[in-house]
Structures are given as C-alpha cells and as structure tokens.
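Trainee: Take this sequence and fold it.
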Amino acid sequence: MTQTMLVTGGAGFIGANFVRMALAQTDARIVVVDKLTYAGHRENLEDLWHDSRLEFVEADIADETAMGKVVGASHPRWVVNFAAESHVDRSIDNPYPFIHTNVTGTLVLLDTVRRMLKQVDGEQQQHFRFLHVSTDEVYGTLGTTGLFTEETPYAPNSPYAASKASADHLVRAYFHTYGVPTIITNCSNNYGPYQFPEKLIPLMVLNALEGKPLPIYGNGQNIRDWLFVEDHCEGLLRVLQNGVSGEKYNLGGQSERSNMDVIEAICHILDELFPCQSNPDLVKRGIVQYADLKTFVTDRPGHDFRYAIDPTKIQSELGWEPTHTFEAGLRQTIQWYVDNRSWCEKVTKQSYQRERLGLSDDTVEKVSGGR
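Mentor: Residues are numbered from 1 along each chain as shown. Below is the predicted model of the structure:
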C-alpha cells in the first residue's frame, strides 16, 4: 500500500528541493500544501507535475478548516512542515505574518494531526512522524568560538527567530503532552537552486550579472555555516525514516564563511565563468572585476554575529553528513541561477525588485541616531 507524505511549504525553496528528492528516492504519494506567498511558486515544481504521485493543494496551514480537509482526506503517514515566513529582514519590517504562519500555522497543523491520530489504529499511530523543519537562528548568536548543539538554550534575536523558536516549543509540547510523534531539525544557512532572490547568494549573483551594487551589511564579517540544500534534504529523509520521536537533530554544513568571504567567492567564480570584459555595460562603466561592485550598507538591526552547528548527533546516530563542499555547491548554485534567469524574473516580477528590506522608518531613525 502506498503511503502518503504531506509536505507543507512544498512550493518554497527547501520544500521544493525536498519534494523532488522524495519523489526520486521513495515510493510515497506526496501531497504538497502551499499558500503560494511571494516565495512559494508553482514554477518550483513545474518539472514534476507529470508525476501521478504528486498532488498540490493551495491552502494556508493556519486555516483550520482547510487543514482538517487535507489531513482528513490524505491520512498521511508522514507530515513534513516547511511552511514558514523565513526572511529576517521582512520580519523586521512586519513581524505579524511570521506569527500567523510560523506559530499559529504550526499549532493548527499539530492539532489537526493530533485529532487524526485519535481516529487511526495503533500501528498507524506507531509509524506516524511529524517532522518540523526549523533553523539555527532559534539559538541566538555565537561569539568567535563554540557551536550550537541540540542542548543549546534558545535565545532568538529577531522576530523571525522568535517565531520559529515558538513553533519549536509547540512541537516539543505536543510530543510530551499529547504523544504526537514529532521530530525537530534545526539547520544552518541553506543555499542552492530555487532560493528566492532576496537571500544573500542569489541576490549577489543576479546583481553582479546586471552590474548592480553588491550590498554588504556592516563590515561583512558576520559568519554563517553554509549547507547545500540537497545535503539538507538528504538529512531530512534520513531523519524521517530513522529518527527517534521526541528528539531533535542539528544539521550543519561545517562550512563557516563570513558574508564577505561568500561574496568574494561568488565574484571569483563569476569572473571565471562570465568575465566582465564580455559584458558591454560593465566595460562601459569601467568595471573590470565583479568585486568592484561591492558596496557597504547600514547593518541589519540586531544582526547575529555568528552561527555554527555541531552535527555530531545526526552523524553518529543516523550516519548523515554533507557530501558537497561549499565551493562545489556554490559553483553549482551560481550556474543554476545563470541558466534560469527566466525563473528569477517570473518569481520576482510582482513582488520583489531586489530592494533593501529590514530598515523600516523606525529602524532607520534608531540606527542613524546611534551613530
């Protein structure tokens, strides 16, 4: 009997990559639920629509009636929750959508599943898993040393991080209070195909190719641990198949880079693949290398200095580790964005023109007033 996997946020960046991998590596029927906000697009799955195992439902996970219908009709064996507002800068401008989707939506999804499990037999209850995909940002910030482990106390510093931390606590509570078989994963910064161009790597690639400024927050020395999205998805499948209910697993790329390091690596690869000399607009402006486009801008308010994950638990217990180096993954990612410029134009046309986010009037006044 074919089992069903319900994937919320499956038309977003990580979700779409996961759906693609799950179809390729499992026999599951997959029901994707997505609200199709600015960062979720049918185009992210357009090469998969021919697969009869894939079903799409446009719905908000915070809509109790809609989620009741979806879960009631599909009786999933697995629920994988990617659905989230995920951009820190947008959470600074307006935190309310983050609470709606990340907190209320997770609660609705958990409670809908709780009610479903009351209606199924013991074997179905035993094999069911609710996998909640979260972020390392719930842990706050690190100094120059140390790593986030599964035991690190939560200390979120942005509205986005606070909303994800709240969701994590709800997922944990539904395991301990109601016995819902939940698992939480917290990952480091993902990059790869289908990432909405508001995020660092695709933004820099597209701006560079068009000769636009490459904005660097603050001094560019904030550090992130980078994880190629396909490696992340492999880890999630491993957790879904072999993870222990009630546990949490940290997935990290062990590839720490400062923002400046990342931008310079992008410029170096672009210089090699698409030299400025072949772009008449850049030649006319005297731009001889992409690094000439680097521009320092006002830092993000409350910008966490460093994230870094210790993946020892998932490596030792489930045998997962990344297979892509940062350099190889970055090169593959850059080539994908170059080859898919029409996708970039399509998904950003109505909602985003690569403008600076995260500096509301109040924030600008506060930041400038303190200098």
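Trainee: tell me the contacts of residue 216?
Mentor: The contact partners of residue 216, by C-beta atoms under 8 Å, 6 or more residues apart in numbering, come to 259-260, 263, 294-297. Heads up, the C-betas are built off the backbone N, CA and C, glycines and all.
Trainee: Secondary structure added to the residues you listed, as TSV?
Mentor: Formatted as TSV, those follow (DSSP: H, G, I helix; E, B strand; the rest coil):
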residue	secondary structure
259	helix
260	helix
263	helix
294	strand
295	strand
296	strand
297	strand
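Trainee: Could you pick out the buried ones from these?
Mentor: 259-260, 263, 294 (16 or more other C-beta atoms under 10 Å).
Trainee: Looking at the residues you listed, spot the one nearest residue 181.
Mentor: Closest to residue 181 out of the buried ones among the contacts of residue 216 is residue 259 (38.3 Å), distances taken as C-beta to C-beta.
Trainee: Make sure that closest one is actually in contact with residue 200.
Mentor: Yes: contact criterion C-beta atoms under 8 Å: residue 259 and residue 200 qualify, at 6.7 Å.
Trainee: which among the buried ones among the contacts of residue 216 gets closest to residue 307?
Mentor: Closest to residue 307, out of all of the buried ones among the contacts of residue 216 and judged by C-beta to C-beta, is residue 259, at 11.7 Å.
Trainee: For the closest residue to residue 124 other than its chain neighbours, give me the pLDDT.
Mentor: Spatially, and ignoring its direct neighbours in sequence, residue 124 is nearest to residue 77 (7.3 Å; C-beta to C-beta, 6 or more residues apart in numbering). In the predicted model, residue 77 carries a pLDDT score of 97.
Trainee: mind listing the helices for the stretch 101-250 of the chain?
Mentor: Taking DSSP state H, counting those that start in this stretch as the test, the helices found in the stretch 101-250 of the chain are 106-117, 122-127, 159-178, 200-209, 229-242.
Trainee: Switch these over to JSON lines; also include mean neighbour count and distance to residue 8.
Mentor: Output for the helices of the stretch 101-250 of the chain, formatted as JSON lines (neighbours: other C-beta atoms under 10 Å; distance: least, C-beta to C-beta, whole Å):
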{"stretch": "helix 106-117", "mean neighbour count": "20", "distance to residue 8": "7"}
{"stretch": "helix 122-127", "mean neighbour count": "11", "distance to residue 8": "20"}
{"stretch": "helix 159-178", "mean neighbour count": "20", "distance to residue 8": "12"}
{"stretch": "helix 200-209", "mean neighbour count": "22", "distance to residue 8": "23"}
{"stretch": "helix 229-242", "mean neighbour count": "21", "distance to residue 8": "13"}
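Trainee: Brilliant, that's me finished.
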